[in-house]
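Novice: here is the input, now give the coordinates:
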Amino acid sequence: MSQNRLEELIGEALSFPPGLQKIEAFERAIAEADVLGEADTAFKLRSDLIESAIFNGQGDRAIVAFAAYLKHADQNWETINPHDLLWKYKWILNALPGLPQISKSKILDMVSDMSRRVESAGYSQRPAFYIRWRVLAEMGDFEAAAADIPKWRSEVKDGLQDCEACETNAEVNFSAETLNNEQALEIARPILTGKLSCTAIPQNTLGNVIRPLMRLGRIDDAVKIAERGYRMTSKNEAFLTKVSEFLLVATHTNALVRAKRIFSKHAIWALKTGCYTRRLRFNSVASAFLKKLAQGKLKETSSEVSEVKKRKATSSVRMQLPSEHPLYQPDARYDIPVLAGWYQNEARKLAVQFDQRNGNRYATQCLKETYDLAGVEQD
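Specialist: Alright, predicted model coming up:
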């Protein structure tokens, strides 16, 4: 163990592009800094790790790092930047509902803790109310979330709030999840037309409007949005939920080549993500896609091949899946019903875990709607 080794590990972490390798490299550097007693360096590295993990689909790793990050901040409050800490607290709270093992009461307690810190730092309660109604909505408690939305809107913007594009997108998502489809699309208008944007918008919004469009029967519009959205999200694991929605559109429209390509490419994301709501959404849509594939209902579309050919019902298919997959086959030949059953079972298990944590049946209802929109029946 040495200072030189620590510097090597830090340099390695900084050299990697965004992704899992970078996150793991930061973790190695943090472990070295802790052993050497370099508390300030470890604090800075944890800050970098949290940001990298949050924006690359590994929220669980960010949560682990945040506990020590917050402890150090509390012990050195006079030397840290409260704005940076509170911003990261927002990221962490957004990630917590994606872990079913963390209780609803624990999540809300942490929201209250952030609220106290926001007040102590001299900011308005806008970010605290915002985070509260968003995490409540993600856990399916829409009535409680709705009660906090007016409180959020009434608070002033003073530098700790999300950008206008992100806040607008959050309202789009809330309207979509509460089945206010026309309202969701109307709120999304300035984003869809390019008047509002940021690093994560319109990507998130393009995924959030898919179900409202499909519920309203506007399938052609959903296809256009899905094609646009997939181009913008296919390289960032943080957008797995949105990619899943684009897979849902391809499944609904029976577009074999597109659906198969999306499923094969992003199955590894679902296996590795630290956000289990994202995994649940992908597994739900994947099982619906595979069921349709087994039934012979999917076809190659004219935009993908020169001739449209109907597929006959089949029990096996060739596709590339990651070697980490529990059902991985070296010859890339898969029994479709078996694969579909695996994804359905995984989705059901996660839905039950989330329903138990949330105290409702929101996750199970979302799973059912996925099948309904895809046009298949659950076993």
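Novice: so what's residue 149 closest to, chain neighbours aside?
Specialist: Closest residue to residue 149 apart from its sequence neighbours, by CB to CB, 6 or more residues apart in numbering: residue 133 at 5.3 Å. The C-beta positions use only the backbone N, C-alpha and C, and glycine is treated the same way.
Novice: can you get me a residue count around that neighbour?
Specialist: Applying other CB atoms under 10 Å, we find 24 other residues in the vicinity of residue 133.
Novice: what about it, which SS state?
Specialist: The three-state label given to residue 133 by DSSP: H, G, I helix; E, B strand; the rest coil is helix.
Novice: from residue 144, how far out is it?
Specialist: 8 Å (CB to CB, to the nearest Å).
Novice: repeat that for residue 208.
Specialist: With distances taken as CB to CB, residue 208 is found 21 Å from residue 144.
Novice: show me what contacts residue 85?
Specialist: Shown in contact with residue 85 (CB atoms under 8 Å, 6 or more residues apart in numbering): 69, 70, 73, 117.
Novice: same check, this time on residue 335
Specialist: Residues counted as contacts of residue 335 (CB under 8 Å, 6+ apart) are 315, 316.
Novice: show me where pLDDT drops low in this protein?
Specialist: Judged by pLDDT under 70, the chain has its weakly predicted residues at 1, 297, 299-314.
Novice: domain-wise, how is it divided?
Specialist: When the chain is parsed with automatic domain parsing, its domains come out as 1-80, 234-379.
Novice: tabulate the ones you listed (CSV), appending distance to residue 194.
Specialist: Below are the domains of the chain laid out as CSV (distance: least, CB to CB, whole Å):
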stretch, distance to residue 194
domain 1-80, 22
domain 234-379, 18
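Novice: which residue sits closest to residue 343, ignoring its sequence neighbours?
Specialist: Distances taken as CB to CB, 6+ apart place residue 287 nearest to residue 343, at 3.7 Å, with adjacent residues excluded.
Novice: neighbours of that neighbour, how many?
Specialist: Per other CB under 10 Å, the neighbour tally for residue 287 reads 27.
Novice: repeat that for residue 121.
Specialist: 13.
Novice: does it touch residue 81 like I think?
Specialist: No: using CB atoms under 8 Å as the test, residue 121 is too far from residue 81 to be in contact (9.9 Å).
Novice: which residue ranges of the stretch 1-150 of the chain form helices?
Specialist: With DSSP state H, counting those that start in this stretch, the ranges of helices along the stretch 1-150 of the chain come out as 3-15, 20-36, 39-54, 59-75, 82-95, 104-120, 126-138, 142-154.
Novice: just these: most buried one?
Specialist: Mean neighbour count (mean count of other CB atoms under 10 Å) peaks for helix 126-138 among the helices of the stretch 1-150 of the chain, with a mean of 24.
Novice: how far does it sit from its chain's centre?
Specialist: Its chain's C-alpha centre and that of helix 126-138 lie 16 Å apart, by CA atoms, centre = their mean, to the nearest Å.
Novice: quick check: angle from it to helix 104-120?
Specialist: Orientation note: helix 126-138 sits at an angle of 170 degrees relative to helix 104-120 (axes from the mean of the first three to the mean of the last three CA atoms, to 10 degrees).
Novice: now do the same contact list for the closest residue to residue 240 other than its chain neighbours.
Specialist: Leaving aside its sequence neighbours, residue 240 sits nearest to residue 278 (CB to CB, 6+ apart; 4.3 Å). Residues near residue 278 by CB under 8 Å, 6+ apart: 57, 98, 240, 241, 244, 269, 270.
Novice: same question for residue 41.
Specialist: 6, 10, 33.
Novice: in this structure residue 63 contacts residue 95, no?
Specialist: Yes: counting by CB under 8 Å, residue 63 does reach residue 95; the two are 6.1 Å apart.
Novice: if I look at residue 120, how far off is residue 113?
Specialist: In terms of CB to CB, residue 120 sits 11 Å off from residue 113.
Novice: cool, and residue 169?
Specialist: 26 Å.
Novice: ok, now residue 89?
Specialist: Applying CB to CB to residue 89 and residue 113 gives a distance of 8 Å.
Novice: over to residue 357?
Specialist: Using CB to CB, we find residue 357 at a distance of 19 Å from residue 113.
Novice: do residue 80 as well
Specialist: Shown here: residue 80 relative to residue 113, a distance of 16 Å by CB to CB.
Novice: count the residues that sit near residue 182.
Specialist: Residue 182 is flanked by 11 other residues according to other CB under 10 Å.
Novice: ignore the last one, residue 361
Specialist: Using other CB under 10 Å, the number of residues around residue 361 comes to 15.
Novice: nearest residue to it other than its sequence neighbours?
Specialist: Excluding the flanking residues, the one nearest residue 361 by CB to CB, 6+ apart is residue 355, at 5.4 Å.
Novice: surely that neighbour touches residue 367?
Specialist: No: in this structure residue 355 lies outside contact range of residue 367 using CB under 8 Å: 9.8 Å.
Novice: understood, closing this out.
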